[in-house]
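>>> Below are the sequence and a predicted model for it; my questions follow.
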Amino acid sequence: MHNFLLLALLVLVAAPCYSMADISLTRQLELRHLLKHDCGSCHGMSLKGGLGPALTEDVLMKKPRQMLLATILEGRPGTPMPPWKTFLTTEEANWLLDVLLQGQSDVL
Ligand code: HEC
């Protein structure tokens, strides 16, 4: 388990992604925790769907990014999807979308 965490951290640090440079490693870990525990409470622990739809890369890549970004930041009125803009900056929401679109949500 310890080795796995170490490996996961290395993958995170080494992952080539333009927006990762702007978000500290500590914050990236917090965001991954949020994704698993908060988003996961509705979208399923492995984000394959629950009360909310699956957030897997095959589903999300077919949808307009701006729409997905707006959904995360503003929520969807009339549905259980809450707005996250009090907890996430636009940059952080974009980073989470990158994680989801790269199918990396299960790295940690
Ligand atoms: C309280 C339950 C709940 C939580 C918590 C939640 N969501 Fe959702 N989410 C939903 C529901 C329900 C929908 C579908 C809304 C609809 O019917 O259009 C949705 C839709 C979405 C969509 C659009 C998906 C699509 O295919 O159009 C995205 C992206 C999304 N959520 C991301 C997130 C992220 C990221 C988090 C955590 C920061 C999160 N959600 C937390 C319930 C939730």
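Cool, got the structure. Residues are numbered from 1 along each chain as shown.
>>> So which elements touch the helix or strand Leu29 falls within?
Element membership of Leu29, judged by DSSP states H and E, is helix 25-34. Counting contacts by 3 or more Cβ pairs under 8 Å, 6 or more residues apart in numbering; DSSP states H and E, helix 25-34 packs against helix 2-14, helix 90-101. Any C-beta I mention is one placed from the backbone N, CA and C, and that applies to glycine too.
>>> Just give me the lowest mean pLDDT stretch among these.
The minimum mean pLDDT among the helices and strands packed on helix 25-34 belongs to helix 2-14 (a mean of 55).
>>> what about Cys42, distance to the ligand?
3 Å (Cβ to the nearest ligand atom, to the nearest Å).
>>> what do you get for Trp84?
With distances taken as Cβ to the nearest ligand atom, Trp84 is found 5 Å from the ligand.
>>> Now do Leu69: how many residues are near it, please.
Neighbour count for Leu69, taken as other Cβ atoms under 10 Å: 15.
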